[in-house]
Each structure stands twice: as structure tokens, then as C-alpha cells.
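> give me the fold of what follows.
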Amino acid sequence: MSSIHKWQPELYDNKLGFVSQFGKGVVELLNPQSGERILDLGCGTGDLSSEISKCGAKVVGMDLSATMIEQAKRKYPDIDFVIGNAEEFEFKHSFDAVFSNASLHWIKNAAKVISCVKNALAKDGRFVVEFGGKGNVEKIVEAISKILARDYGIDASAFNPWYFPSIGEYSNLLEQMGFRVTYAVHFDRSTKLEDGENGLNIWLAGLAADEFFKGFSESERTDIFNKVSDLAKKDLFIDGIWYADYKRLRIVAWNE
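Numbering: from 1, shown residues only. Here you go, the predicted model:
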């Protein structure tokens, strides 16, 4: 959902498929019912929109990335997909639920998102969400920051695109805006990356390159990725496999 990030649908589907795979647990928490109208906010290429629709719910998938929406429409032509910004959207009809997985950490103005969600929900509608929580990919960001500062004189914090709140911070924000939080958990989920030795490089290319490494050529980026991987290896490379140090926030809140 980031306005900066240039999503690559094929890379996302082929190499970062764990995003949707883990999201199936959030669909279970959503517990969609036949006939419900549900908005999938930050739907990506539509895999979880499809999962939700299997129960008979009427799903609208929304994402800011036109390329991701194009891919979603190709994969799931029977689902309604639209391009939209999570910070400023509205629909003519209200939804019984708004669902979001692995998307809202791309948007730093959480209050604007929550306001739009509230306006989109019917009374007693539910907001079911999972995204990066406090400490998410901390070791990876630490390695990026050290390499950029040491070798290029760049302060990486100025380019960090992510919002990773604590459970208290986000729950409090929801409550201030009229939601009743009934479920909230912050948990570690070390996530295996594909492609062996190249696993972290592919993750960086798919999820961090356009923000932290903007302005670098492809060859320069490759060199930086290798340096970041070398630095992070002691913490995140185990028995020939890379693991991303994910920490997730999962919440259910009701529109009262």
C-alpha cells in the first residue's frame, strides 16, 4: 500500500508467498460468513480475497498498487478488485468487516486509515487485521542501517517506510476512535525465506529496495544486499536457511 514502493507481482507471488500463507490464520480469525460484505484492505495479488470469498462472502479487494490489482484481476476474475489508498477511501455501501493482512505497516498515518475503516464499516462491523508490530524485522533494519551509515554516510532512519506499533499504541488508537478491541496479540514469527543463500537478498529486493536503496544502480544494490546479508548472517542464517525476524500484531476491533 506504500505510495513509494514499486511492487513486483511475479516476485511477490513466486518468492514471497509466505505472506498469503500465514495470512490464512487471519482469515480464520475473521470467520467470514456467507452473504457478508467484506473489504480486503491492501489485498496484493488477491490470494486472501479469494480465500475469504470461498465461504460465500461478497469481497472487494483494494490496493494502491495498479500492478498488484492487475495481477489479482487476472488470477481471480470473479472478485471485485479496485485501486485505492487506505488513507483516503470511501464506498457507497458499508461493509460487515474490513480485513487486512501484512499491509498496514506500510502506512505511517494510522489514524487516517482507522478513520476510513470506521466510516466504511456498518455499525457493529469488525476490523480484523495483522501487520508488523514493534520490533518487526529489527535485525534486518539494523544491518541495513549499519551498512548505509558506514559505507555511504546515509541515515537509514530517514528512509524507513514502515510503521510497527506496540500492542498498546495501536489498541489505544483504535479505542480513541470509537472501536472496542476484543482481541489483541503481539507475537514472534521467525519466517523462513526461500532460495537458500540468496534468501535475504531476494527479500531486500522485493520489500526494501525502493525505499532504503533509492538512487542506487542495480549493481550497487546487489553489492549493498551482499554486505547487509554478511552482517545479518550471524543472527538470521541458520543451517543454510535465512529467517526474517518477524514480530506480528493481530487485532480484532468492533465498530460501536
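
> now stretch 204-221 - C-alpha only, CSV.
Extracted in CSV, the C-alpha atoms of stretch 204-221 (Å, rounded to 0.1, in the frame of the first residue of the first chain):
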residue,chain,number,x,y,z
LEU,A,204,15.5,-7.0,0.3
ALA,A,205,14.9,-6.7,-3.4
GLY,A,206,11.2,-7.4,-3.0
LEU,A,207,10.4,-5.4,0.2
ALA,A,208,13.0,-2.8,0.9
ALA,A,209,14.9,-1.8,-2.2
ASP,A,210,12.8,1.1,-3.4
GLU,A,211,12.9,2.9,0.0
PHE,A,212,16.3,2.3,1.6
PHE,A,213,18.2,2.0,-1.6
LYS,A,214,16.6,4.5,-3.9
GLY,A,215,19.1,6.2,-6.2
PHE,A,216,21.5,3.2,-6.3
SER,A,217,22.1,1.3,-9.6
GLU,A,218,21.2,-2.4,-9.8
SER,A,219,24.8,-3.4,-9.4
GLU,A,220,25.2,-1.1,-6.4
ARG,A,221,22.1,-2.5,-4.8
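
> in that stretch, what's buried?
For stretch 204-221, burial by neighbour count (16 or more other C-beta atoms under 10 Å) applies to 204, 205, 206, 207, 208, 209, 210, 211, 212, 213, 216, 221. Every C-beta, even on glycine, is put in place using the N, C-alpha and C of the backbone.

> pLDDT weak spots in the stretch 1-150 of the chain?
For the stretch 1-150 of the chain, applying pLDDT under 70 flags the ranges 1-23.

> do that again at 80, thanks
By pLDDT under 80, the low-scoring segments of the stretch 1-150 of the chain are 1-24.

> quick one, strands of it?
37-41, 58-63, 80-83, 95-101, 121-132 (DSSP state E, counting those that start in this stretch).

> contact partners of the last one?
Residues outside strand 121-132 that contact it (C-beta atoms under 8 Å, 6 or more residues apart in numbering): 23, 25-26, 29-30, 94-105, 114, 117, 162-164, 174, 179, 246-256.

> the first one now?
By C-beta under 8 Å, 6+ apart, the surrounding residues in contact with strand 37-41 are 1, 30, 32, 46, 48-49, 52, 57-62, 86, 91, 93-100, 103-104, 117, 120.

> so how do I select the buried members of those in ChimeraX?
Of those, the buried ones can be selected in ChimeraX as follows, counting by 16+ other C-beta under 10 Å:
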select :1,30,32,46,48,49,52,57,58,59,60,61,62,86,95,96,97,98,99,100,103,104,117,120
